[in-house]
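**Student:** sequence first, predicted coordinates after that:
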Amino acid sequence: MQILEKKYLIFFFVVLIVSPLIGLLLFQEEFNSLFIARALFTASLSTLIFFFINKRR
């Protein structure tokens, strides 16, 4: 099982798009470098957690 499978890449990009949209629309956060770094960190971490959970099954 590889982390570069299609389902993990799709999950990464969905989280990368949805998470910042929630921050921008619901919490009116500023769009700056910290915001982008947090979005990338959130997408990376959630994808790794998703990968390890699916790896157990």
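**Tutor:** The structure has been received and is ready for your questions. Numbering: from 1, shown residues only.
**Student:** can you tell me the SS state at residue 2?
**Tutor:** Following DSSP: H, G, I helix; E, B strand; the rest coil, residue 2 is assigned to coil.
**Student:** count the neighbours of it for me.
**Tutor:** By the criterion of other Cβ atoms under 10 Å, residue 2 has 6 neighbours. (C-beta placed from N, C-alpha, C; glycine too.)
**Student:** against residue 8, how distant is it?
**Tutor:** Noted for residue 2: a distance of 8 Å to residue 8, by Cβ to Cβ, to the nearest Å.
**Student:** repeat for residue 42
**Tutor:** Using Cβ to Cβ, residue 42 is found at 15 Å from residue 8.
**Student:** do the same with residue 47
**Tutor:** 6 Å.
**Student:** just residue 34 next, same as before
**Tutor:** Counting by Cβ to Cβ, the gap from residue 34 to residue 8 is 26 Å.
**Student:** more neighbours: the two, which one.
**Tutor:** Neighbour count, other Cβ under 10 Å: between residue 34 and residue 8, residue 8 has more, with 17 against 10.
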